[in-house]
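1. Could you look at this predicted model? Sequence included:
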Amino acid sequence: TEEDSIEESSSTEEEDSLVEEDSAEENSLVEEDSAEERSSTEGDSEEEMKENWIEVQGLVIQDMNPIETGHRTVQIVIVGSGDSGKTKLIDRVFGDHSSFTVTNHVTRIEFRISLSTFFHIWMCDASETGFLKKTKFLDKTVFLFCYDVDNPKSFASLEETWIPPVLEGYLKRMYYFLVGIKRDPKTESKAVSTINREEQKKAIEKKAKELNRRFLAGWLIDCSIDDKRSLVNVFQSSIDVVYPRF
């Protein structure tokens, strides 16, 4: 009858509506599960990036199986005057880590850069030159002699304060880099006027090359606080000289 037909049609519509609601709920649950999986995956990815600092910062190293080779350490000693820019060099690459000081020689705080390789960094100030004389560093330790490319006094401190004690004890067993740091223009040393800045910079570059030939037989690296890639390159070079890539 017409009434039965209307009831059947109404029943069919209700069933279809229920099916659509169930389907919508299932789709919603699937989307939620998918979102949770993506969130979990992203979380895992972030954790992996924290574990594998090398990928985050753009460093490259031939990693070995730690079970076969054991952990390897790249020891780096960063020296220079207080206005050389060495603290900013560390902060821009590693973040603000007060742990990178001479006092951590005893605690041996290290920074993991890959599966099997660690950085062990000391940053020495002028009051800590005695530490360089009495400490026995491992062979192949990397010394970074830092100076402000715009400040003659910063470079002069390397010749007078830092290079002599290091070369007296470690000349044949270590790696040496002269690192010229271009500091933030907003905080450049007041020792250099705008008029003669370029002339003094060229004079410093000339002295750096002469010093490198005369004493270090190492490498010259220029970097800028405004160019993070150039800063990372300083540490990449340190890795490459200790563990060359093939």
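-> Nice, thanks for sending it over. Given the structure is predicted, the values throughout are model-derived calculations rather than measurements.
2. Okay, helices next: where are they in the protein?
-> Using DSSP state H, the helices of the chain run over 2-51, 53-57, 66-69, 86-94, 104-107, 129-134, 152-157, 163-170, 197-211, 228-242.
3. Just the angle for the last one relative to helix 86-94, thanks.
-> For helix 228-242 and helix 86-94, the angle between their directions (axes from the mean of the first three to the mean of the last three C-alpha atoms, to 10 degrees) works out to 90 degrees.
4. Which strands or helices does helix 228-242 pack on?
-> strand 72-79, helix 86-94, strand 142-148, strand 175-182, strand 219-224 (3 or more C-beta pairs under 8 Å, 6 or more residues apart in numbering; DSSP states H and E). C-betas here are computed from N, CA, C, even on glycine.
5. So for it, what gets flagged as buried?
-> By neighbour count on 16 or more other C-beta atoms under 10 Å, the buried set for helix 228-242 is 230-242.
6. Compute the mean per-residue pLDDT across it, please.
-> Averaging pLDDT along helix 228-242 yields 88.
7. next one: the second one
-> Averaging the model's pLDDT scores along helix 53-57 yields 44.
8. One more: the fourth one?
-> Confidence for helix 86-94, expressed as mean pLDDT, is 83.
9. can you give me the angle it makes with strand 175-182?
-> 100 degrees.
10. Give me the helices and strands touching helix 86-94, please.
-> Using 3+ C-beta pairs under 8 Å, 6+ apart, helix 86-94 is in contact with strand 72-79, strand 117-124, strand 142-148, strand 175-182, helix 228-242.
11. Need the max-distance pair from the buried residues of helix 228-242.
-> Between any two of the buried residues of helix 228-242, the greatest separation by C-beta to C-beta is 20.0 Å, found for S230 and V242.
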